[in-house]
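> show me how the following folds:
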Amino acid sequence: MWDILQAHYYGDLPDMQEVTYGAIRGMLETLGDEYTSFMEPDIARIFNEDASGSFQGIGAFVRMREDGKLEIVSIIEGSPAEAAGLQGGDLVVAVDGQSIVGYSIYEAIILIRGPAGTDVTLLVERPGLDEPFEVTVTRARIQIPLVDSEMLEGDIAYIHLREFSAPATAQMMDALRDLLAEEPNGLIFDLRDNPGGWLDQAVGVADLFLDEGVVLIERSAEGERVYRSDDGDLAEEIPLVVLVNGGSASASEVVAGAIQARGRGVLIGEQTFGKGSVQHLFRLSDGSELHVTTARWYTPDDVAIHGRGLTPDIEVPAPEEAEPGEDPQLGRAVEYLRTGE
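Model (predicted):
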């Protein structure tokens, strides 16, 4: 086929790297599995930086809006982005004079990240200002904060985990030690919009709340493997509520599913995403990566959640338009811990 194209096609042909990547993607599409996927080298590098818990950049959480503009969702405390005066809600429309409107989120991040100590100039639109303005930020090595924690109303501990990347268990342990030192009467573990991450981190985090027993069952072409938790961890006895929603996926569902199946705590919120498959990462010769579905996992009571998700014990829908500070799911969790109902 390639010989025919070279001989007869009228127009420019892609180079062999583009052809190879296209062939890989076409082959994967025949599987009908969105989780068996291919990442080009630059994207694979970003993925692995994030999974490691640190990266070199400006220190902001971002998302790509439907209009093609990159929105800063929040700023990491103490980061170069904070020092430069960037704010949540700012829109980055150009990087070093190059427009990024319409780029994919990874294409934009590749331009913004760079070696610590180097500068990047962003053109920023800020709601309420008529004209965009430029901000020059000096990049640094950023440690990704995965955990937010606080005491609510004096006696309820709250801990939120963003994702299950490499430092998740260690950061959870540190936060739990500080919270439990306050002698709370209950604990709310917020896994809403947590997309998942590494399986070993899911097992490690689940073990913080569970005594000896099964965390999940994994089945693959090679057979069955059971992952277990042990006795003697930090938060095995405190009354527990886990908050979940449609953005709680994969490793989040492993942890929430184990806590629910073993009767350790109550799930409050909305139906979870329903990703019950495990991917193995293969690094290819040019730095690209192939993520291959190698197994499915099941809750301790042997229930499959793939394509279904977990149903909360107490369903509380999120309001379509919430007032600032309004969080009925969190409020219901506090009520449950106070009343037991």
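> okay, strands next: where are they in the stretch 201-341 of the chain?
Counting by DSSP state E, counting those that start in this stretch, one finds strands in the stretch 201-341 of the chain at the ranges 213-220, 223-229, 240-244, 266-269, 277-283, 289-298, 314-315.
> make TSV out of these and add distance to residue 8 and mean pLDDT.
The C-beta positions use only the backbone N, C-alpha and C, and glycine is treated the same way. Below are the strands of the stretch 201-341 of the chain laid out as TSV (distance: least, CB to CB, whole Å; pLDDT from 0 to 100):
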stretch	distance to residue 8	mean pLDDT
strand 213-220	45	98
strand 223-229	51	97
strand 240-244	56	98
strand 266-269	58	98
strand 277-283	35	96
strand 289-298	32	97
strand 314-315	60	98
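> closest to residue 45 out of those strands?
strand 289-298 (9.4 Å; CB to CB).
> what residues are up against residue 115?
Residue 115 sits next to 56, 139 when contact means CB atoms under 8 Å, 6 or more residues apart in numbering.
> that one should be in a strand, yeah?
No: assessed by DSSP: H, G, I helix; E, B strand; the rest coil, residue 115 does not belong to a strand; its assignment is coil.
> on that earlier part again, so which of the strands of the stretch 201-341 of the chain is the most packed in?
strand 240-244 (a mean of 26; mean count of other CB atoms under 10 Å).
> which elements pack onto that one?
If you count contacts as 3 or more CB pairs under 8 Å, 6 or more residues apart in numbering; DSSP states H and E, strand 240-244 packs onto strand 186-190, helix 251-261, strand 266-269, helix 328-339.
> include distance to residue 144 when you put those into a markdown table, please.
Converted to a markdown table, the helices and strands packed on strand 240-244 look like this (distance: least, CB to CB, whole Å):
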| stretch | distance to residue 144 |
| --- | --- |
| strand 186-190 | 17 |
| helix 251-261 | 16 |
| strand 266-269 | 24 |
| helix 328-339 | 23 |
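> ok, which of these comes nearest residue 5?
Closest among the helices and strands packed on strand 240-244, once you apply CB to CB, is helix 251-261, at 43.2 Å.
> what inclination does that closest one have with respect to strand 223-229?
Per axes from the mean of the first three to the mean of the last three CA atoms, to 10 degrees, the angle that helix 251-261 makes with strand 223-229 is 70 degrees.
> related to what we said a few turns ago, so which of the strands of the stretch 201-341 of the chain is nearest residue 90?
When the strands of the stretch 201-341 of the chain are compared (using CB to CB), the closest one is strand 240-244, at 28.1 Å.
> strands paired with that closest one, and their directions?
strand 186-190 (parallel), strand 266-269 (parallel) (DSSP bridges).
> got a markdown table for the ones you listed, with distance to residue 50 too?
Shown next, in a markdown table, are the strands paired with strand 240-244 (distance: least, CB to CB, whole Å):
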| stretch | distance to residue 50 |
| --- | --- |
| strand 186-190 | 20 |
| strand 266-269 | 25 |
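> surely residue 46 forms part of a helix?
Yes: assigned with three-state DSSP, residue 46 falls within a helix.
> can you pull the contacts of it?
Taking CB under 8 Å, 6+ apart, one finds 55, 106, 109, 110, 113 in contact with residue 46.
> re earlier: and among the helices and strands packed on strand 240-244, the most buried is which?
The most buried one of those (mean count of other CB under 10 Å) is helix 251-261, showing a mean of 27.
> what's the closest non-adjacent residue to residue 25?
With CB to CB, 6 or more residues apart in numbering as the criterion, residue 25 has its nearest non-adjacent residue at 5.9 Å, and that residue is residue 38.
> swap in residue 19?
Residue 19 sits nearest to residue 2 (CB to CB, 6+ apart), 7.1 Å away.
> give the closest residue to residue 333 in space, chain neighbours not counted.
residue 241 (4.3 Å).
> the strand or helix carrying residue 17: how far from the chain's middle?
Using DSSP states H and E, residue 17 sits in helix 16-29. Between the centre of helix 16-29 and the centre of its chain there are 27 Å (CA atoms, centre = their mean, to the nearest Å).
> and the contacts of that helix?
Residues contacting helix 16-29 (CB under 8 Å, 6+ apart): 2, 14, 36, 37, 38, 40, 286, 288, 290.
> of all the contacts of residue 46, which two lie farthest apart?
So, these by CB to CB: farthest apart are 55 and 106, at 13.1 Å.
> more neighbours, those two?
Each of residue 55 and residue 106 has its neighbours counted (other CB atoms under 10 Å); residue 55 has more, 22 against 16.
> give me every residue that touches the residue nearest to residue 333.
Here residue 241 is in contact with 186, 187, 188, 189, 265, 266, 267, 268, 333, 336, 337 (CB under 8 Å, 6+ apart).
> how many other residues sit next to residue 13?
11.
> so who does it touch?
5, 6.
> that one: what secondary structure?
Residue 13 - assigned by three-state DSSP - is coil.
> read off the pLDDT value for it.
What the model reports for residue 13 is a pLDDT of 95.
> now swap in residue 326 and tell me
88.
> surely it is in contact with residue 319?
Yes: shown here, residue 326 and residue 319 form a contact pair, counting by CB atoms under 8 Å, at 6.7 Å.
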